[in-house]
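A.B. asks: Kindly generate the corresponding structure for this input.
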Amino acid sequence: MPSAQPSINTDYGHHVSSTDESTPLLGRQRGQEGTSSGASFGFSVFNLMNAIMGSGILGLAFAMASTGIVGFSILLLLVALLAAYSIHLLLRLCIQTAVTAYEDLGLVAFGSSGKVLVACTILIQNMGAMSSYLFIIKTELPAAIAGFLSGGDHSGAWYLDGRLVLIITSVCIVFPLALLPKIGFLGYTSSLSFFFMVYFAIVVVIKKWSVPCPLPLNQTMMYMEVSNSSECKAKLFEFSKESAFALPTMAFSFLCHTSVLPIYCELKSPSKSRMQNVANVGISLSFIVYFISALFGYLSFYDQVDSELLQGYSKFLPNDVLIMTVRLSILLAVMLTVPLIHFPARKAVMMMLFSNYPFSYLRHIMVTLVLNVIIVLLAIYVPDIRNVFGVVGSTTSTCLLFAFPGMFYLKLSYEDFFSCQKLGACGLLVLGICIGACSLTLITMDWAYNK
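C.D. replies: The predicted model follows:
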């Protein structure tokens, strides 16, 4: 689904030999096949958008409530532009170094330690994405089950216990699928998640006029001392302790950089300018879907918006048929995507710890089991999905989105330090470090204050 969905490409050793930006990257390899091979421009845009859009879309309305409509718009546009620029730097490095994998850029720049650093970052990012998806199962699957139950008192039933339902789902569905040596068919089914995200945005727009305003007092008073949001007044700018979660959530939502180079390699008649256009179009369309869903989600609940948007609809529109279809579609996408993300996560662990050992089914099973247990525990004991977006977004997402592209470009590029590109890379590196450090500090302070 992925913000924030990490790349499932496992061809870490693929290299190319072209060094001219005007020369198609894979021209030598495709010379005998003609220009008909490779993915079309439109299909490449779709692949990139599928890598971009994920669970982060559920947290953007809360980010807008924390920053205001204008503040959110400026920050989201800034993150989108910086994401496009960091892709520009990655593509230039790909041309200069003939490397087509994010981990190999770390290897070329800083040796084996650089490759391990990137692999660790991607592993933590993948685990954060998987735990956010499992959190959605924990919160939304019981609500979906309750929506199909008619009559009677089902309170206290085991099938409405989110933690128990999550464990059963992980044991019976996620873990068996993740154990399979090849699950290529899930790569196609997970692509449906992109359409589910678009469908979600459309339903959020439609249901804006179905949510009562002001919200029912008996509902709002359950989790709020004073119901100021019942005035249904949107804020243009807002700054509070929750604002610290906004930028990390946006960074989490736009992360697609581990997928960029593999998509570049599969592009028909690949060139830097053509792939940059793919990135620009993909990020722009994702920005539109993100902004629409965040805006209308915020205008539906105002200050009462939940950190996971669907929870608000569960409170105020519990039996709405359209909301139930959205909930089921997202749950289906989540259940099929989590096993898929296990693959690059498990491969990163194998590369770091067992790269010199032959393949072993026992090791394969044990690593998969350990990863599954960790993400299930995270999903169970993390009380709020915004904590996942905040911590992962302020650490690994800012590294992969801002810091690493700038750092690798400064290390590998032969340009003069005062050239526009190197100055831009330096600015991207400094900005990534500042955003990550400040956001993580504010989030930690917020936790301490709440505790």
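
A.B. asks: and residue 418, what element?
C.D. replies: Following DSSP states H and E, one finds residue 418 outside all helices and strands.

A.B. asks: Counting by contacts, list what the one helix or strand residue 260 maps to packs against.
C.D. replies: Element membership for residue 260, per DSSP H and E: helix 257-266. Helices and strands touching helix 257-266, by 3 or more C-beta pairs under 8 Å, 6 or more residues apart in numbering; DSSP states H and E, are helix 41-52, helix 69-97, helix 102-148, helix 272-301. For every residue, glycine as well, the C-beta is placed using N, CA and C.

A.B. asks: Look at residue 158 and report its pLDDT.
C.D. replies: Residue 158 carries a pLDDT score of 77 in this model.

A.B. asks: if you skip the residues just before and after it, what's nearest to it?
C.D. replies: residue 164 (5.6 Å; C-beta to C-beta, 6 or more residues apart in numbering).

A.B. asks: I believe that neighbour is in a strand; please confirm or correct that.
C.D. replies: No. Counting by DSSP: H, G, I helix; E, B strand; the rest coil, residue 164 is not found in a strand; it is helix.

A.B. asks: That one touches residue 157, doesn't it?
C.D. replies: No. Under the criterion of C-beta atoms under 8 Å, residue 164 makes no contact with residue 157, lying 10.0 Å away.

A.B. asks: Could you tell me which residues touch both of these two?
C.D. replies: With C-beta atoms under 8 Å, 6 or more residues apart in numbering applied, the contact sets of residue 164 and residue 157 do not overlap.

A.B. asks: For residue 80, the count of nearby residues, please.
C.D. replies: Residue 80 is flanked by 21 other residues according to other C-beta atoms under 10 Å.

A.B. asks: For the nearest residue to it once chain neighbours are set aside, give me its contacts.
C.D. replies: Excluding its sequence neighbours, the residue lying closest to residue 80 (C-beta to C-beta, 6+ apart) is residue 287, at 4.8 Å. When contacts are counted by C-beta under 8 Å, 6+ apart, residue 287 touches 76, 77, 80.

A.B. asks: Then residue 161?
C.D. replies: Listed by C-beta under 8 Å, 6+ apart, the contact set of residue 161 reads residue 142.

A.B. asks: Can you give me the end-to-end span of stretch 351-364?
C.D. replies: Its start and end residues considered, stretch 351-364 measures 12 Å (C-alpha to C-alpha, to the nearest Å).

A.B. asks: same check, this time on stretch 261-277
C.D. replies: Stretch 261-277 has an end-to-end distance of 14 Å (C-alpha to C-alpha).

A.B. asks: Off-centre distance for it?
C.D. replies: Its chain's C-alpha centre and that of stretch 261-277 lie 22 Å apart, by C-alpha atoms, centre = their mean, to the nearest Å.

A.B. asks: Tell me which residues of stretch 443-451 come out buried.
C.D. replies: Using 16 or more other C-beta atoms under 10 Å as the test for burial, stretch 443-451 gives 443, 446.

A.B. asks: Assumed residue 356 was part of a strand.
C.D. replies: No. According to three-state DSSP, residue 356 belongs to no strand; its state is coil.

A.B. asks: ok, it to residue 350 distance?
C.D. replies: From residue 356 over to residue 350 the distance is 11 Å, taken as C-beta to C-beta, to the nearest Å.

A.B. asks: higher neighbour count, those two?
C.D. replies: residue 350 (17 against 5).

A.B. asks: What helix or strand is the closest residue to that one other than its chain neighbours located in?
C.D. replies: Nearest in space to residue 350, with sequence neighbours left out and distances taken as C-beta to C-beta, 6+ apart, is residue 367 at 6.7 Å. Secondary structure from DSSP H and E places residue 367 in helix 361-381.

A.B. asks: Tell me the helix or strand right after that helix.
C.D. replies: helix 385-392.

A.B. asks: residues in contact with residue 178?
C.D. replies: Applying C-beta under 8 Å, 6+ apart, one finds that residue 178 lies in contact with 338, 339, 342, 343, 346, 368, 371, 372.

A.B. asks: in the protein, which helix or strand is least confident?
C.D. replies: Within the chain, no helix or strand scores below helix 27-30, which has a mean of 39 by mean pLDDT, DSSP states H and E.

A.B. asks: low-scoring pLDDT stretches of this structure, where are they?
C.D. replies: Low-confidence segments of the chain (pLDDT under 70): 1-37, 150-156, 183-185, 187, 189-190, 214-231, 451.

A.B. asks: can you give me the strands for the stretch 201-350 of the chain?
C.D. replies: For the stretch 201-350 of the chain, no strands are identified by DSSP state E, counting those that start in this stretch.

A.B. asks: can you map out the helices along it?
C.D. replies: Along the stretch 201-350 of the chain, the stretches classed as helices by DSSP state H, counting those that start in this stretch are 217-220, 246-254, 257-266, 272-301, 310-316, 321-353.

A.B. asks: and the ones you listed, which is most packed in?
C.D. replies: helix 246-254 (a mean of 30; mean count of other C-beta atoms under 10 Å).

A.B. asks: Tell me what angle that one forms with helix 102-148.
C.D. replies: Interaxial angle, helix 246-254 versus helix 102-148 (axes from the mean of the first three to the mean of the last three C-alpha atoms, to 10 degrees): 100 degrees.

A.B. asks: now the angle from helix 246-254 to helix 41-52?
C.D. replies: Here helix 246-254 runs at an angle of 140 degrees relative to helix 41-52 (the same axes, to 10 degrees).

A.B. asks: List of residues touching helix 246-254?
C.D. replies: The contact list for helix 246-254 (C-beta under 8 Å, 6+ apart) reads 2-4, 52-54, 56-57, 59-60, 62-63, 66-67, 72, 75-76, 79-80, 83, 128, 283, 286, 290, 386, 389-394, 397-398, 401-402, 435, 439, 443.

A.B. asks: how far away is residue 413 from residue 403?
C.D. replies: In terms of C-beta to C-beta, residue 413 sits 16 Å off from residue 403.

A.B. asks: Please apply the same query to residue 174.
C.D. replies: 31 Å.

A.B. asks: isn't residue 41 right next to residue 279, touching?
C.D. replies: No. With contact defined as C-beta under 8 Å, residue 41 does not count as touching residue 279 (11.5 Å).

A.B. asks: Please consider this matter closed, and thank you.
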